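Trainee: below is the sequence, then the predicted model.
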Amino acid sequence: MTDPTTYISHLELGEPDKTYLDTNELIINMGPQHPATHGVLRVILKLDGEKVLGTECVIGYLHRGVEKIAENRTYAMFNPYVDRMDYVAAVSNGLGYCETVEKLLNVEAPPRARYIRVILTELNRLASHMLWLGTHALDIGAMTPLFYTFRDREEILKIFEKYCGARLTTHAFRIGGLQYETYEGFEKDVKNFLDFVPPKIDEYEELLSTNRIWVERTVGVGKITGANCIALGVTGPVLRASGVKWDIRKAMPYSGYEQFDFDIPTCENGDTFDRYMVRMKEMRQSLRIIRQAVDGIPSGPIMAKVPKVIKPPAGEVYHSIEAPKGELGYFIVSDGSTQPYRVRVRPPSFVNLQALDLMVRGALVADVIAVIGTIDIVLGEVDR
Amino acid sequence: MSEETKSSAPPPGGEPKPPADKPSAGTVQSTPSEKMSPSSEKPAATSSEKPAAAASEKPAAPVEKPPVAAKPAAPATAGAEAKAPASPAAAAKPAAPAKPAGPAPVPWESPLVSRLRTRHGSGVIEASTYLGQNYLVLESSVTLETLQVLHEQEGFDYCVDITAVHYPKREKPFDLVWILYSFAKNDRLRVKTMLADGESFPSSYPIWPTANWLEREVYDMFGIKFDGHPDMKRILLPETWEGHPLRKEYGITQQDSKWVQINLGIESGQ
Amino acid sequence: MLDYITSYLSSNVTPGQAGNFFWATVYVMVVFGGVSVVVMAMNWLERKALAHFQIRLGPMRVGPHGLLQPIADAIKLATKEDIIPAEADKLVFWVAPLIILCASFTVYIVVPFGPTHAITDLNIGILFMLGVSSLSVLGIVMAGWASNSHYPLMGGLRSSAQMISYEVAMGLAVISAILMTSLNSTGIGTLSMIGIVQAQQQAHVWYAFKFFPLGLIALIIFSIAMVAETNRAPFDLPEAESELTAGFHTEYSGLRWSLFMLGEYAAMGAVSSIAVTLWLGGWLRPFPNWLSGSFFDLVFSLFPAFTFLALAGFCFYGVTRMPKHPYFRLETIGLAGFGAVLGLIGLILLITPVRTRVQDIYWFLAKVAVFLYLYIWYRATFPRYRFDQLMAVGWKVLLPASLVVLMATAIVGVVI
């Protein structure tokens, strides 16, 4: 077997502190089988009692070589694979990939397709945030919100299922637009959902936002400044909770986001509570976008003129979207053949997870759990 | 309508400033002309396409045609288009110039490039724009220095991604790619350099701490070592794995069967 | 021999005090068996109530509405492979759950279910209860240490720190109640559990309402501290699932693990009964002074019977709502049978001699049940405290508060 100590190169135990009592530092292995690491994440913690002196993430347990697979599939064949990265936000992954290939082909999806894409992507953002909220609250010890969020996420998954037949790994979009026209009553379903969900979000907030223990557990925990976020490449709600008002949907609009009126919620302190608040506000903003989109769905074709065999001209392109977790980018190199020469995914979870060490140093073990939850990682995306 | 105008034209300067980033603040002072030029070009571009976009959206009519009229072939106005990267791309590209012509990289002229050229001379091999995205190809000897300049003086404070591409037939088979973003300018930039097999490259970790894991992944997948990296080891694959899977000679079903047999106790992972 | 057995029946003290070994044994068996049954019922109720808090159904498969689930669980746990980690300290590992179990069951020796319905009445009853119940921390530390694993070790350490800190506040709150027992003509208080309830009876007030709000504050302090003492949410850090996988019992499985659970639930009942005895008048029925007279005596003595009859009625209502599909036939019969048993118990409780003897026990258990329900409620509502915050609450909030209450009680008691 591999010697487990090979992983702890820069977490060596210090000399015992003999000033007062003979105390030892403790190296503790959290994961890959652990209830709160959200999958197969292994975190090696160096502890002084309950205090964290350093961490090291060991990842790759879920590595499936998505980027290698891409080089051996045609552009269209690779499309379903991206759903398996961030599997709680599969629609966002698909949107990013399809848009990148469309950019490479220099085509654009027709407006109707773009509107439907926005609706589904924002629904997916809601679903992802709901799942995040439930599991994050469970990590901190509040069991009940998990079930409430899952109940409401179910409504979103029902819409997905009705639209494309799949609930989780949807493969909802095609290069150039959509394969399927919306089903009968899609707009009604979405509108019903829009009426159904705001009181539910209020309910979550009621359970948590003013709960004294929740506030004590999250305020001031896992602080990170905006400058540090940028230096570490951290994006998404974590960046915005640190006071940087940056959202790719606004900064470099794609898929017609420039047509919708919405705000970028930000907070100032960059702690766990602020990240929670940012995501709660984002859920409401998503609802706003969906409402505008569903009210203004244009009619028309849903598929752009894309050749049957997708054969982009040689060249390379980087395109990124605002996934629920942060900047999800695709860097695709085409050699003019039917298969991509290289697909590089810029996964938000992977980059954001790097900030864990900075965020938990000096905190307690319980904060590590809170911070892992608050970064909102999906190991399928971290490991790809 | 008014919201559209607001949201669709994110002026680079108006973009919320990331707090406490001194280098970029310095940049603003040192390059006022640089800062002005893109923003003065941009409104022109956006305003010209605005009616087209609005017209296409509102009446919900067939959309293919109007943008073509409104926006003459993108590559033609290369100079003006150069600094308008992804943001107007959504509206600017819809009509896709006739297929056979195809987009082609056009030279990218900007104060930034000329400054880099004066600094490094022939070190800047290529500066082009492809599909509205700017990229630089640099001599590997000047790359790190350029990255430093880009970070400290040109305001590219956010390193989006570091990756590599393998071209086995080339003399220098590896493309090392940095994707950079500037919050102040709302602009992306790709920096590329070529590396020979087995050649190592100085780590950009001191410039962007985010390079830590990204470079580890490049090492893991391509075997490109980064000098001065604090913790140069594999990240996704096991520490003792042999081979670097994203190299082109590494087959899709290939695996380190010895590792699999020893550590997993099975014949094959396939 | 028979005389020895029957002689106790005419006496008016607990078997322990009467020195009657036979009846003491019977009482012990009844009480311990009863506690085990209550633990199982509590387990079922917790799962059901928690499920309904969380828009789920909870156990539904084993028996009607999962009524047999605790039994199924018990069978599963008893027959499960018992794993002792290779590197564990076998003896300590083996002893730890027993210590917890013994500590939490021994306490029931002095719990007064009625004026004579206790196994024995020690003159230092409350001290005995606090002392023995805090022994369980020893079991937790032993379990944590003997597992020879990091998570249990941290769970054990957390729990020892936690239980010791909360015992201070708990003890001070108890003392303020004991002070109140000395407010009589003789000026002598008592530590006996039965004596405390009798003192409340003589004072015509439950201590929760004495010197309002001092008694109530003491009760609240105690009821917070007792949650921490039993390692339940929101103070369940020793077994914080998301942090320490399962805390001190991570390495335990099967029967040994179930002993921990049994001990934990029994301890919950024990500390709840301390709270009930000290502040809520133990076995005394509500409003003995306000609603007095033979009519109200009769009404209140009918409560136990009506409770069981109501439960039986609930079961029969459930029977009518059962699906008519043959698959549910067995469950329907089972539910009807369960309802019949409950109804029978209710009818027996209507018989006068039974009624008068049992109502003390009923009121005591009803009050304890309220506390047990609160435990479930807390668990559904609150996130978990962090370790340092838990300590801060214990030492910086509860301890000063209980000291103030204690002093105020003493001063008010002297002045009045």
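Mentor: Thanks, I have the structure now. Note that the structure is predicted; figures quoted are calculated from it, not measured.
Trainee: now the strands: where do they sit in the stretch 251-384 of chain A?
Mentor: A:315-323, A:326-334, A:340-346 (DSSP state E, counting those that start in this stretch).
Trainee: and for chain B?
Mentor: B:106-107, B:124-130, B:133-138, B:158-166, B:174-182, B:187-195, B:201-202, B:226-227 (DSSP state E).
Trainee: what's the answer for the stretch 1-150 of chain A, then?
Mentor: According to DSSP E, counting those that start in this stretch, the strands that the stretch 1-150 of chain A contains are A:26-30, A:42-48, A:51-58.
Trainee: in JSON lines: the ones you listed, plus mean pLDDT.
Mentor: Output for the strands of the stretch 1-150 of chain A, formatted as JSON lines (pLDDT from 0 to 100):
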{"stretch": "strand A:26-30", "mean pLDDT": "80"}
{"stretch": "strand A:42-48", "mean pLDDT": "84"}
{"stretch": "strand A:51-58", "mean pLDDT": "84"}
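Trainee: can I get those strands in JSON lines with distance to chain B and mean neighbour count?
Mentor: (Glycine included, C-beta is placed from N, CA and C.) Shown next, in JSON lines, are the strands of the stretch 1-150 of chain A (distance: least, Cβ to the nearest Cβ, whole Å; neighbours: other Cβ atoms under 10 Å in any protein chain shown):
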{"stretch": "strand A:26-30", "distance to chain B": "15", "mean neighbour count": "18"}
{"stretch": "strand A:42-48", "distance to chain B": "12", "mean neighbour count": "20"}
{"stretch": "strand A:51-58", "distance to chain B": "9", "mean neighbour count": "20"}
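Trainee: which one of these lies nearest to chain C?
Mentor: The minimum distance between chain C and the strands of the stretch 1-150 of chain A falls on strand A:26-30, with 4.5 Å, by Cβ to the nearest Cβ.
Trainee: C:L255: how many residues sit nearby?
Mentor: Neighbour count of C:L255, defined by other Cβ atoms under 10 Å in any protein chain shown: 16.
Trainee: same deal with C:G339?
Mentor: C:G339 has 20 nearby residues by other Cβ under 10 Å.
Trainee: how about it: what's its closest non-neighbour residue?
Mentor: Closest residue to C:G339 apart from its sequence neighbours, by Cβ to Cβ, 6 or more residues apart in numbering or on different chains: C:C315 at 2.9 Å.
Trainee: need the contact list for A:L207.
Mentor: Residues near A:L207 by Cβ atoms under 8 Å, 6 or more residues apart in numbering or on different chains: A:A137, A:A142, A:T144, A:P145, A:Y148, C:T381.
Trainee: any idea which residue sits dead centre in the chain?
Mentor: No chain in the question, so chain A it is. A:K325 (2.7 Å; Cα atoms, centre = their mean).
Trainee: wrong one, chain C
Mentor: Among the residues of chain C, the one closest to the centroid is C:G269, at 0.7 Å (Cα atoms, centre = their mean).
Trainee: quick one: pLDDT of A:Y7?
Mentor: With respect to pLDDT, A:Y7 scores 42.
Trainee: with A:F173 instead?
Mentor: A:F173 is assigned 88 on the pLDDT scale.
Trainee: low pLDDT regions in the chain?
Mentor: No chain was given, so I picked chain A. Residue ranges of chain A with pLDDT under 70: A:1-23.
Trainee: wrong chain, I was asking about chain C
Mentor: Low-confidence segments of chain C (pLDDT under 70): C:1, C:238-246.
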